[in-house]
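> Here is a sequence with its predicted model. Questions after.
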Amino acid sequence: MIKPGRSQAKIFLAAAVLLSTPVEAAHELEGRNIANGMTLYAEQCATCHGSELEGQPDWQRPNAGGVLPAPPHDETGHTWHHDNQLLFEDTKLGGEAALEERGISGFKSGMPEFGSTLTEEEIWDILAFIRSTWPERIQNNQAARNRPFH
Ligand code: HEC
C-alpha cells in the first residue's frame, strides 16, 4: 500500500524502533544506546555522511585526488554490506589503516580515524544508530554477514 505519507510513516517507524528495547542480544549492535549514537552521529559524522545519512553527492566517483567521497549510510549505500567488525575498524582506525589491517595497502581513503576522539562504546552506539534507521529486511541482511556472536 503506497500512500503519500509513507516516508513520514517510515520515520515514525524508525523512531518507534529507536525507543523500543531490543529483544534478542544477537550481536555487537544490539542493546546499544541509540539516542547517544544519534547525537554523536550528528556531531561527528553528519558533516561528511549527511544529516539524513545520504552521503556526499556523486559518492561513487573518486575526486580529482583519487579519493572517494563519503558514501551514504542509509540503505542506498554499502554500509550494510559489511560486517560489524569492519564498520567498527573503519571508524576506529580510519579507512586506510582498516584496509591495511586486512592486507590492502596504498589505498587513499577520506575516512578519518575516530579512535582518538571516541571511545569504543561510543563507536558502537553510533553504528547501532545507523543500523536502527535501516528497514528490518536490511538489518537482517546485515546481521547475516556477522559471524555468530557469543
Ligand atoms: C571527513 C569526512 C568524514 C567524516 C567526518 C566521517 N566519515 Fe566515514 N567515510 C568518509 C569517506 C570519504 C568514506 C569512504 C572511505 C573510503 O573510500 O575509504 C567513509 C567511509 C565510512 C565507513 C565505511 C562505510 C561503507 O559504507 O563502506 C564507515 C563505517 C564510516 N565511514 C563511518 C563513519 C562514522 C561512524 C563517522 C562519525 C564518527 C564518520 N564515518 C565520519 C568520510 C568521513
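Yes, it's here.

> count of neighbours near residue 117?
11 (other CB atoms under 10 Å). In short, each C-beta sits where N, CA and C put it, glycine included.

> Would you mind giving both backbone torsions of it?
When read as degrees, to the nearest 10, the backbone of residue 117 gives phi -110, psi -20.

> Hmm, it is touching residue 44, no?
Yes: applying CB atoms under 8 Å, one finds residue 117 in contact with residue 44, separated by 7.4 Å.

> for the ligand, what are the nearby residues on the protein?
For the chain, the residues in contact with the ligand (CB under 6 Å from any ligand atom) are 44-45, 47-49, 68-71, 77-79, 82, 87, 90-91, 95, 109-112, 114, 126.

> Which parts of the chain are helices?
Ranges of helices within the chain are 6-19, 34-44, 46-49, 84-93, 95-101, 120-132, 136-143, based on DSSP state H.

> any idea of the mean pLDDT in the first one?
Over the span of helix 6-19, the pLDDT mean works out to 58.

> Over to the fifth one?
Mean pLDDT, taken over the full extent of helix 95-101, equals 93.

> For it, buried residues please.
For helix 95-101, burial by neighbour count (16 or more other CB atoms under 10 Å) applies to 95, 96, 98, 99.

> just these now: which is nearest the ligand?
Ranked by distance to the ligand (CB to the nearest ligand atom), the buried residues of helix 95-101 are led by residue 95 at 3.2 Å.

> Tell me the spacing between residue 68 and residue 45.
16 Å (CB to CB, to the nearest Å).

> Now for the buried residues of helix 95-101: which two are most distant?
Using CB to CB, the buried residues of helix 95-101 span at most 7.3 Å, a distance reached by 96 and 98.

> any common contacting residues for those two?
residue 111 (CB atoms under 8 Å, 6 or more residues apart in numbering).

> Take the helices of the chain and write them to JSON lines, including distance to residue 57.
Output for the helices of the chain, formatted as JSON lines (distance: least, CB to CB, whole Å):
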{"stretch": "helix 6-19", "distance to residue 57": "20"}
{"stretch": "helix 34-44", "distance to residue 57": "19"}
{"stretch": "helix 46-49", "distance to residue 57": "12"}
{"stretch": "helix 84-93", "distance to residue 57": "21"}
{"stretch": "helix 95-101", "distance to residue 57": "19"}
{"stretch": "helix 120-132", "distance to residue 57": "20"}
{"stretch": "helix 136-143", "distance to residue 57": "22"}
